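In: what's the 3D shape of this:
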Amino acid sequence: MSGVAPLVEQIERTRAELSDALSDPDAASDRTRYADLTRRYAGLEEAAALAARWREAEQQAAEAREMLAEDDDPDIRALLKEAEAEVEELEPLIREAMVEPDPNDTRDVIVELRSGAGGEEAALFARDLLDIYQRYATSRGYKVELLDVSDADAGGLKEATFAVKGVGAFSVFKHEGGVHRVQRVPATESQGRIHTSTATVAVMPEAEEVDVQIDQNDLKIDVYRSSGPGGQSVNTTDSAVRITHIPTGVVVSMQDEKSQLQNKERAMRVLRSRLLEKAQAEQEAEMRDTRRAHVGSGDRSEKIRTYNYPQNRVTDHRIGVTVPLKEQVLQGQLSSLTDALQAEERRLLLEQQVT
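Out: All right, here's what the predicted structure looks like:
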């Protein structure tokens with residue numbers, strides 16, 4: 001049996017089941033269910049067409065082999081070769097047509113960036129990463145919305161939260177989650193020694209209100225006076241907001257806006273996204289041995305990329321790809337990395353297909 005045969009059978013079986021479900025008079029009375037069935041049926045259209053072509057080519061090949069067993073006719077042999085070539089050509093197309101896209105891929109994205117180990121140098125690196133991401137998002141036609149920024153001394157960055165808005169934003173940024181490491185000589189280093197510092201990145205699909213239901217009784221909301229680098233007060237009113245989601249212990253703070261209401265709205269956006277990410281992470285943990293795959297876990301403890309200034313290179317350790325630092329990455333040109341990461345994710349998903 002061909003390696004793709006079980007997948008073809010799955011396509012045919014699922015398509016038939018969906019067709020039967022759509023024919024059920026009760027289905028039309030439930031608009032939500034009917035819309036879901038219609039979407040899934042339409043989503044199988046390409047795969048079903050390819051499966052039908054594969055079936056026909058496989059049947060032609062089988063018939064040609066039977067005839068050749070009785071008579072070694074050159075025309076029949078040519079027909080067999082043609083049918084086998086079509087079967088071989090269709091197999092990868094069928095596999096790819098059945099790869100389920102990440103349902104979050106079309107969403108906007110919220111990114112949380114924090115300086116890690118390395119003190120002042122880590123804060124400066126975090127600022128560099130924020131600049132890189134802003135340039136890259138803009139170059140892709142996305143809109144960047146800074147939600148909260150906590151500055152550090154010497155122009156560095158303690159942490160920042162920002163949204164990237166546009167179709168496909170999550171698919172582009174989702175593999176950025178993890179530990180980013182920089183190796184360079186700090187401006188304050190008189191001996192010319194290379195220092196290693198880190199920044200952590202968390203990437204979340206932005207959640208809509210309908211995605212996450214939050215009971216207001218589960219929230220503890222504190223207001224306080226916002227502060228700048230070194231702890232000095234930058235606002236004379238209690239406009240900063242800290243929201244604690246009591247059941248999960250998730251805490252979100254916002255202080256960038258002068259309005260308490262605006263800070264609360266932004267904090268709620270981030271809270272919803274964190275809770276959505278948490279729920280999806282728990283679901284994925286249960287599905288880890290199924291068809292879902294990721295290029296790295298995206299966990300903040302996982303070192304994913306090194307930015308080496310002396311050697312002018314950036315290396316992504318998950319896929320082994322190295323690109324120029326100054327000419328590409330610092331200019332906000334990350335496509336070589338993000339495209340390769342997306343391709344690797346697709347390859348892993350294909351690898352997990354039914355064989």
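
In: May I see the domains of this structure written out as residue ranges?
Out: Listed domain ranges for the chain are 5-97, 109-346 (source: automatic domain parsing).

In: Specify the beta-bridge partners of the residue lying closest to residue 302 once chain neighbours are set aside.
Out: What sits nearest to residue 302 in space, not counting adjacent residues and going by C-beta to C-beta, 6 or more residues apart in numbering, is residue 178, at 4.5 Å. Bear in mind the C-beta positions are built from the backbone N, C-alpha and C, glycine included. Residue 178 has these beta-bridge partners by DSSP bridges: residue 201.

In: re earlier: out of the domains of the chain, which comes closest to residue 103?
Out: domain 109-346 (8.8 Å; C-beta to C-beta).

In: For the stretch 151-300 of the chain, which segments are assigned as strands?
Out: 157-165, 178-184, 195-205, 219-224, 240-245, 250-254 (DSSP state E, counting those that start in this stretch).

In: any chance of those in JSON lines, plus mean neighbour count and distance to residue 64?
Out: Shown next, in JSON lines, are the strands of the stretch 151-300 of the chain (neighbours: other C-beta atoms under 10 Å; distance: least, C-beta to C-beta, whole Å):
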{"stretch": "strand 157-165", "mean neighbour count": "21", "distance to residue 64": "54"}
{"stretch": "strand 178-184", "mean neighbour count": "21", "distance to residue 64": "53"}
{"stretch": "strand 195-205", "mean neighbour count": "21", "distance to residue 64": "50"}
{"stretch": "strand 219-224", "mean neighbour count": "13", "distance to residue 64": "69"}
{"stretch": "strand 240-245", "mean neighbour count": "20", "distance to residue 64": "65"}
{"stretch": "strand 250-254", "mean neighbour count": "19", "distance to residue 64": "63"}
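
In: and the ones you listed as JSON lines, adding distance to residue 304?
Out: Formatted as JSON lines, the strands of the stretch 151-300 of the chain follow (distance: least, C-beta to C-beta, whole Å):
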{"stretch": "strand 157-165", "distance to residue 304": "18"}
{"stretch": "strand 178-184", "distance to residue 304": "4"}
{"stretch": "strand 195-205", "distance to residue 304": "9"}
{"stretch": "strand 219-224", "distance to residue 304": "33"}
{"stretch": "strand 240-245", "distance to residue 304": "28"}
{"stretch": "strand 250-254", "distance to residue 304": "23"}
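
In: For residue 26, find the nearest of these.
Out: Closest among those, using C-beta to C-beta: strand 195-205, at 33.5 Å.

In: CA atoms only for that closest one, dumped as CSV, please.
Out: The C-alpha trace of strand 195-205 is given here as CSV (Å, rounded to 0.1, in the frame of the first residue of the first chain):
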residue,chain,number,x,y,z
HIS,A,195,30.2,40.2,27.5
THR,A,196,27.2,37.9,27.1
SER,A,197,23.8,39.2,28.0
THR,A,198,20.2,38.0,27.4
ALA,A,199,16.7,39.2,26.8
THR,A,200,13.5,37.2,27.0
VAL,A,201,10.6,37.4,24.6
ALA,A,202,7.1,36.0,25.1
VAL,A,203,4.7,36.0,22.1
MET,A,204,0.9,35.6,22.4
PRO,A,205,-1.9,35.7,20.0
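
In: who wins for proximity to residue 268 among the strands of the stretch 151-300 of the chain?
Out: Comparing the strands of the stretch 151-300 of the chain under C-beta to C-beta, the one sitting nearest is strand 240-245, at 6.9 Å.

In: Contacts for the closest one next, please.
Out: Under the criterion C-beta atoms under 8 Å, 6 or more residues apart in numbering, residues 214, 218-227, 250-255, 260, 263-264, 267-268, 271, 275 lie in contact with strand 240-245.

In: repeat that for 10 Å
Out: Contacts with strand 240-245, where a contact means C-beta atoms under 10 Å, 6 or more residues apart in numbering, come from 148, 214-215, 218-227, 234, 250-257, 259-268, 270-272, 274-275, 278.

In: Give me the buried subset of these.
Out: 148, 214, 226, 252-257, 260, 263-264, 266-268, 270-272, 274-275 (16 or more other C-beta atoms under 10 Å).

In: Which members of the residues you listed occur in helices, if any?
Out: Counting by DSSP state H, the buried ones among the contacts of strand 240-245 place 260, 263, 264, 266, 267, 268, 270, 271, 272, 274, 275 in helices.

In: So what's the residue count around residue 20?
Out: Neighbours of residue 20 under the rule other C-beta atoms under 10 Å: 10.

In: now swap in the one 5 residues further on and tell me
Out: Under the neighbour criterion other C-beta under 10 Å, residue 25 is assigned a count of 6.

In: Residue nearest the middle of this structure, spatially speaking?
Out: residue 174 (3.0 Å; C-alpha atoms, centre = their mean).

In: Correct me if wrong: it contacts residue 205.
Out: Yes - counting by C-beta atoms under 10 Å, residue 205 is a contact partner of residue 174 at 7.8 Å.
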